[in-house]
Structure formats: structure tokens, C-alpha cells
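Trainee: Could you work out the structure for the sequence below:
(one chain, ligands or ions: 2)
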Amino acid sequence: MRREIDFSLYLVTGRELLPPGKDYFESIQESLEGGVTVVQVREKTADTAEFLDIALKTKELCQKYDVPLIINDRLDIALAVKADGVHLGQTDMPVSVARQLLPAGTIIGVSCNNADHVKNAISEGVDYVGIGAVWGTATKKLTSPIIGVRGVGALLRELDNTGLKAVAIGGIKGANALRTLHGTVSTTGHGLDGVAVVSDIAGSTKPRDAARTLRDTVSAFKEQLQNELQASINVSYAKKDVLTSVSKLLNNVKAYKPLIHQITNNVVTTQSANATLALGASPIMATAPEEMKDLSRVLGALLVNFGTITSKEGMLLAGQFANEEKKPLVFDPVGVGATDFRRTTAAQLLNTWQASVIKGNAGELAALADSKEVQAKGVDTSGTGFSDPASFVKSLARKERCIIVLTGSTDWISDGNVVIRLDNGHPMLGDITGSGCMLGTCIATFCAGAYLKAVEDEPISERSLSTIVRGDMLLGAVGGVLALTIASEIAAQRVDVRGTGTFFPALIDELYHLTPDKLTQLAKIQIL
Ligand SMILES: Cc1ncc(COP(=O)(O)OP(=O)(O)O)c(N)n1
Ligand SMILES: Cc1ncsc1CCOP(=O)(O)O
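Mentor: Ligands and ions are numbered 1, 2, ... in the order given. Below is the predicted model of the structure:
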């Protein structure tokens, strides 16, 4: 009978990566103690006798922990040691031949790098697939492209309703494991069964700790994904509760003055900093890669706005560190449809880090979603927008695994389950430069409020192990949009406002004077 395997933490061995003085078997034993659930012996240079010897001894250790043993490439070794399975690459022995040679019930896994590989694996009836490389790796000279978290997610979708298990491989380590697991969930909610790792464990002086960190992350994530899927069935938001919670976020911002780190464009820097201050938070407009780590440690939120892309490296690093700190990361892909450079930069950023909120107009979000329904015109949108904006934001939120804010005369917000429609805002907002960028700032500020609330509620949190960002980002996004649009309505009604020149300072004034009462009383909100 075929053995049911827990693929949560799949160690692929790497003897050549052992730290000086570390014994291979000691490392395997410690890895097993740390929670490895499958071991694959991968020997690329050993001769047959040595491979056989290593496989036999590794099997003994695995048996002690009741962990299955898989052999990389070599069916003869797998047969000789009575391994639980084999792992085959695309240029190794065909699965159909391997099946004939191996005893019934032997696990067969195959490496996949694209949809055709996955389709073949399904038709060949393999037991699991190893999808990758998901990130760059120094462990193996790659012969096929790095596919990123979103590439893995697309392949997982192919596995829907097949029962086939899947692990991702390539560059996975403790620091990016949660990002990998979270970002690879498909639009249909299909997540990885586990992660396959070489260097982060084999190259560690403390493989037990390295394995424990990875295992805990995978376990916590799997539980969280189950809860997420359950919540998507039972989800219900009451308008009154949303507004009460959003109001509390404003109070949090004013009470704690979180740092809003903004990598933004040089057209709007001053006005975005002033909007941040007006809401009661503290802005820092820093772009140098060297300071990203330090800034990530300060409580608050990060805004990445790429209106003028001057420091891509800073953007990449800042987002990675924000993810590690579970801080909100708001992404404003200004004019993403305008040039190839912007499109590839957006894809690179979104493949590297997990945004908590992506905010854009119809043209920008259409470009991001690869939708032909709406065309971008520079940083603006041409035409009337999406025919069904609610469905659009919902499906993009599922694809990007974050909150989507689609701006326009009506703003649409979704987390992939619920859709919120907001109808506040004055047309003059569209006649001043940088109002969209200020909106990104306001969203980041309210997301910081949500983050602070989570830190306050759960200082040492079990949840924080499995969640990619702390705090309710849906509320943060709603709060940010309401703040700017309501302030714009109040400002436009003032007698001292005679045009866009007087509107702008009045807008900052009204952000400054915004209260929870104004937010709740003036909000035009529908929960769909
Ligand atoms: C779990 C897992 N996934 C993928 C691979 C890569 O296998 P392959 O493509 O055969 O490359 P080599 O490992 O043989 O270099 C793997 N080993 N394990
Ligand atoms: C064997 C293999 N196949 C694709 S990437 C890879 C190496 C993964 O190693 P690491 O976990 O050290 O990046």
C-alpha cells in the first residue's frame, strides 16, 4: 500500500554544503529532530557504492523518526535500499518506465517548471510534484527559469481536484518561507503541501533550529489557510462595525504617531509628507537601500509608490524587510501600464515581496491584471472603466493575495471575499496633482493604525507566525480612502475655497481636523 506522506518540510540533502566540521549524519539527525517530514538523498558526484552506503545509513536514521526516504534520480539505489520513493527530473527516467521497475506503492515525484510539466505529471499519475525554482539559488545551476511565487501559484491551480501533492523548491529559507507559502496560494485557494529545502538546513551549523523554524512556519500557515478558506465561506461584515473599527484606527494613529516610511515620487513628496502629518502620523521619505533594515524595525507602515522609479533596489529591500517584520506594505504602481520598464518592475516587486494593499486607478490595475478591458493613458485611465468593478477587484485580490483598492469617482475595495463600495470624494481631487499618491499615503497611515491595533491586542502572538501582515488591512484601506475623500468633500464646501489653489491647503486642514465622528457620519459605504 502506498504510504501517505506529510510533505510539510521536505529536506533534500546537500553534503557539499555542510559547514566545516559538521558531520553529515549528525546534520540529518538534527534536521529530523527539528521536524523534517521527508528526506530525499541527492548525491550528484558520489559513485554508486558511496551513494548506496549513504542512502542505507540515511534510511536507518529516517526510520528512527518514521520519516519516509526518497532517492534522487537513481532507481537502482532506491530499489537496493527499499526506499519509499524516487524523485525524477524532466530529463531523468520516464515515469512510466520507473513505475514498471519499482514495487507497487513506491512514491514517485517529478520536478515541474511549467504548466506542461504539471499536465504530464498529472496524466502520468505521479504522487507529488516539486515546483521550482521559486527563488534564485546557489545550490544548483538552473537550466529552467525561476518562476517566482506567482508562477508557482499558477501551477498549483492546474492541480485542483487531482489530489496530487506539491512542494516548492529553490531558495526557500526561514526568512522567506511564509512569503513563499502565502504568495503561492492560487486564485482558487490551492496552497502548497510543503517546502523543499537544501542549503538553509544542510548549510546550517544548527540544522535542528533551521528545520524547526521552517516546520513551525509551514504548520502555522497550513492552519491559517484552512481558517482563511473557512472564513471566506462564513464572511460577513456589518457597515456599522466597519465604520466603528475604522474610527478606532484614526485614534490609534493620533495616539501612537506611527512612522510612515514612504518611497515615493519626487512630484508629491512634500504633499504626501504633509498629509501624513495632518492625520497625526510621522513621515519619513527615505530611499537609500542602506537604511531599509533599520527603518523596517520602527512601528508603522511602508508605502512604495513608483511614480518615478529611482531606487528599485531600495524598493525591493524595503518590502522584504517589511514582510519580515509583518508590517503593512502599500503598493501604488503609478502608471504601471505606461512603459515596459514599469510593467517588469511591478512584476519583479510583486514576485519579491507581498504587498498588503495595492492601490491604483482602472488603467493601472488593468495593466497589473493583464486585462484588456481598460486602457491606461500615462498615469491616467482612458474610457469609462470596468463594466463589473466589484468582480474585477475581487479576482485581482485573490490573484495578488492582498487588498485591492480601485480608485475613481467610486472606490472599490476587496480582500478577495468581500467587496466594499465607497462613494465619497469631490471632483476637485482629480484636478490637483498627486491626490492619488496622497491617497496611498492615507491608506498606509490607516494600515499602520490597524497594525498598531494588532500589536496592542496580541503583543506576543501565535497568529503572527502564520500571518504575512499584522492587522486588518481591509479596514486600513477603507479608512485611508474615507479619510481623503471625506476631507475633500468638507474642504470643497468651505467658503474660502475658490479653486484648486485654495482647495489643496484646505484639504490638508480637513485631514488635520478629521475626527472619528466625521468619518462615521459622512461615509457613503456599501458592503457587497
Ligand atoms: C522535491 C524536489 N523537487 C525538485 C527537485 C529537482 O530535481 P531535478 O530536476 O531532477 O534536479 P536534480 O535534483 O536532479 O538536480 C528535487 N531534487 N527535489
Ligand atoms: C535541487 C533543486 N532543484 C531546483 S532548485 C534546487 C536547489 C534548491 O536548493 P536550496 O534550497 O539550497 O535553494
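Trainee: Convert the C-alpha atoms of stretch 39-47 to CSV, please.
Mentor: Output of stretch 39-47 as CSV, limited to C-alpha atoms (Å, rounded to 0.1, in the frame of the first residue of the first chain):
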residue,chain,number,x,y,z
VAL,A,39,14.2,13.2,3.3
GLN,A,40,15.5,13.0,-0.3
VAL,A,41,19.0,11.8,-0.7
ARG,A,42,20.5,13.8,-3.5
GLU,A,43,24.1,12.9,-4.5
LYS,A,44,25.4,14.4,-7.7
THR,A,45,29.0,13.3,-7.6
ALA,A,46,29.2,10.2,-5.3
ASP,A,47,30.0,6.9,-7.0
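Trainee: ok, residues contacting that stretch?
Mentor: 10-16, 28, 31-32, 50-51, 54-55, 58, 62, 67-73, 77, 87, 196, 198 (Cβ atoms under 8 Å, 6 or more residues apart in numbering). (Each C-beta comes from the backbone N, C-alpha and C, glycine too.)
Trainee: how's the protein carved up into domains?
Mentor: 9-233, 245-527 (automatic domain parsing).
Trainee: What residues does the chain have near ligand 2?
Mentor: 12, 132-133, 137, 139-140, 169-172, 197-199 (Cβ under 6 Å from any ligand atom).
Trainee: Kindly identify which of the contacts of stretch 39-47 also come near ligand 1.
Mentor: Among these, ligand 1 is touched by 10, 12, 72-73, 87, 196 when using Cβ under 6 Å from any ligand atom.
Trainee: Tell me if Glu223 really is in a strand.
Mentor: No - under DSSP: H, G, I helix; E, B strand; the rest coil, Glu223 falls outside any strand and is assigned helix.
Trainee: That one: how many residues sit nearby?
Mentor: The local packing of Glu223 (other Cβ atoms under 10 Å) involves 14 other residues.
Trainee: so who does it touch?
Mentor: Ser466.
Trainee: Get me the contact residues on this protein for ligand 1.
Mentor: So the chain meets ligand 1 at 10, 12, 40, 42, 72-73, 87, 89, 92, 109, 111, 130, 132, 140, 167, 169, 196 (Cβ under 6 Å from any ligand atom).
Trainee: For the stretch 1-150 of the chain, which segments count as strands?
Mentor: Applying DSSP state E, counting those that start in this stretch to the stretch 1-150 of the chain gives strands spanning 9-12, 38-41, 69-72, 85-88, 107-112, 128-132.
Trainee: Single out the most deeply packed of the ones you listed.
Mentor: Compared across the strands of the stretch 1-150 of the chain, strand 9-12 shows the largest average neighbour count, a mean of 28 (mean count of other Cβ atoms under 10 Å).
Trainee: all strands for the stretch 201-350 of the chain, in order.
Mentor: Under DSSP E, counting those that start in this stretch, the stretch 201-350 of the chain gives strands at 259-263, 282-284, 300-305, 329-332.
Trainee: Now tabulate those in TSV and tack on mean pLDDT, distance to Glu489 and mean neighbour count.
Mentor: Below are those laid out as TSV (pLDDT from 0 to 100; distance: least, Cβ to Cβ, whole Å; neighbours: other Cβ atoms under 10 Å):
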stretch	mean pLDDT	distance to Glu489	mean neighbour count
strand 259-263	97	23	26
strand 282-284	97	24	19
strand 300-305	97	24	28
strand 329-332	98	22	31
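Trainee: Relative to Leu350, which of the ones you listed is closest?
Mentor: strand 329-332 (7.5 Å; Cβ to Cβ).
Trainee: Report the central residue of the chain.
Mentor: Gln354 (3.1 Å; Cα atoms, centre = their mean).
Trainee: That residue: what's it in contact with?
Mentor: 179, 182-183, 319, 323, 329, 401-402, 468-469.
Trainee: Of those - the most surrounded one?
Mentor: Leu329 (31 neighbours).
Trainee: how about the helices of the stretch 101-250 of the chain, start to end?
Mentor: 115-124, 148-158, 174-183, 199-202, 207-234, 239-256 (DSSP state H, counting those that start in this stretch).
Trainee: which stretch among the ones you listed comes nearest Pro333?
Mentor: helix 148-158 (14.7 Å).
Trainee: residues making contact with that closest one?
Mentor: For helix 148-158, using Cβ under 8 Å, 6+ apart, the contacting residues are 112, 114-115, 118-119, 122, 129, 131-132, 134-135, 147, 166, 168, 179-180, 183-188, 190-192, 350-351, 399.
Trainee: pull the CA atoms of stretch 132-149 into CSV?
Mentor: The C-alpha trace of stretch 132-149 is given here as CSV (Å, rounded to 0.1, in the frame of the first residue of the first chain):
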residue,chain,number,x,y,z
GLY,A,132,10.6,25.4,-9.0
ALA,A,133,12.8,27.1,-8.8
VAL,A,134,10.7,29.6,-6.9
TRP,A,135,13.6,31.9,-5.9
GLY,A,136,17.2,32.1,-7.1
THR,A,137,19.5,29.5,-5.6
ALA,A,138,23.3,28.9,-5.4
THR,A,139,22.8,25.2,-4.7
LYS,A,140,22.1,24.2,-8.3
LYS,A,141,22.9,25.6,-11.7
LEU,A,142,19.4,26.1,-13.0
THR,A,143,18.5,25.1,-16.5
SER,A,144,15.0,26.4,-16.5
PRO,A,145,13.6,29.8,-15.5
ILE,A,146,12.9,31.0,-11.9
ILE,A,147,9.2,31.1,-11.8
GLY,A,148,8.5,33.2,-8.6
VAL,A,149,5.7,32.8,-6.2
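Trainee: where does the protein dip in pLDDT?
Mentor: Applying pLDDT under 70 to the chain picks out residues 1-3, 232-236, 376-384, 459-464.
Trainee: ok, the contacts of Gln354 vs ligand 1, which is closest?
Mentor: Gly183 (18.3 Å; Cβ to the nearest ligand atom).
Trainee: who's in contact with that closest one?
Mentor: With Cβ under 8 Å, 6+ apart, Gly183 has these contacts: 149-150, 152-153, 351, 354, 401.
Trainee: separation between the spatially closest residue to Thr217 that is not a sequence neighbour and Thr287?
Mentor: In space, and not counting its chain neighbours, Thr217 is closest to Ala177: 4.5 Å by Cβ to Cβ, 6 or more residues apart in numbering. Between Ala177 and Thr287 the computed distance is 28 Å (Cβ to Cβ, to the nearest Å).
Trainee: So how do I select the buried members of the contacts of helix 148-158 in PyMOL?
Mentor: Selection of buried members from the contacts of helix 148-158 for PyMOL, criterion 16 or more other Cβ atoms under 10 Å:
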select buried, resi 112+114+118+122+129+131+132+134+135+147+166+168+179+180+183+184+185+186+187+190+191+192+350+351+399
